[in-house]
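Visitor: Pasted the sequence and its predicted model underneath.
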Amino acid sequence: MMTTGILDVIEEVAKDSFHYDEPDPTPFGMDRTPFSRSNPDTDPRLFVCNRALEKEFSGFTFYKSISSRAKSEIIRRLFEYFASIKSQQISRIRRVCVTF
């Protein structure tokens with residue numbers, strides 16, 4: 001039953017074509033906004049943002065590479081879907097981090 005549900009979702013994903021923008025991997029400047037006057041060179045919020053961007057972009061490139069090497073059309077589209085989700089997550093992180 002669980003396997004059938006997963007296969008149904010994969011077939012649903014296989015019908016769609018996913019378009020996404022190539023995300024920007026550029027980290028935010030660590031000296032943009034000082035967090036405290038005692039240590040103006042480090043803002044822990046930006047450190048966390050940059051770390052999150054690094055991890056999400058790593059996942060994005062991983063999914064994209066699997067998609068390009070997949071021999072099955074369904075698997076290729078599934079990993080394109082995963083890459084599109086990562087692209088959306090990177091956009092969300094950027095929208096939050098730019099407010100700091």
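Guide: Yep, that arrived.
Visitor: which residue ranges form the helices in the protein?
Guide: Under the criterion DSSP state H, the chain carries helices at the ranges 2-15, 44-69, 73-97.
Visitor: Can you flag the weakest of the ones you listed by average pLDDT?
Guide: Of all the helices of the chain, mean pLDDT reaches its minimum on helix 2-15 (a mean of 62).
Visitor: Check which residues of stretch 70-81 are buried.
Guide: For stretch 70-81, the neighbour count (16 or more other Cβ atoms under 10 Å) marks 76-81 as buried. For glycine as for every other residue, the C-beta is placed from the backbone atoms N, C-alpha and C.
Visitor: returning to that earlier point: could you save the helices of the chain as JSON lines and add columns showing distance to F28?
Guide: Conversion of the helices of the chain to JSON lines gives the following (distance: least, Cβ to Cβ, whole Å):
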{"stretch": "helix 2-15", "distance to F28": "33"}
{"stretch": "helix 44-69", "distance to F28": "5"}
{"stretch": "helix 73-97", "distance to F28": "6"}
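Visitor: Between those helices, which one is closest to P23.
Guide: helix 73-97 (4.0 Å; Cβ to Cβ).
Visitor: Return the list of helices and strands in contact with the closest one.
Guide: With contacts taken as 3 or more Cβ pairs under 8 Å, 6 or more residues apart in numbering; DSSP states H and E, helix 73-97 sits against helix 2-15, helix 44-69.
Visitor: List the contacts of stretch 50-66.
Guide: 23, 25, 27-28, 30, 75, 79-80, 82-83, 86-87, 89-90, 93-94, 97 (Cβ atoms under 8 Å, 6 or more residues apart in numbering).
Visitor: on that earlier part again, could you dump the buried residues of stretch 70-81 into CSV and include distance to P44?
Guide: Formatted as CSV, the buried residues of stretch 70-81 follow (distance: Cβ to Cβ, whole Å):
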residue, distance to P44
R76, 39
R77, 39
L78, 36
F79, 34
E80, 35
Y81, 33
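Visitor: which of those residues sit farthest apart?
Guide: R76 and Y81 (9.9 Å).
Visitor: what do the two both touch?
Guide: Joint contacts of R76 and Y81 (Cβ under 8 Å, 6+ apart) do not exist.
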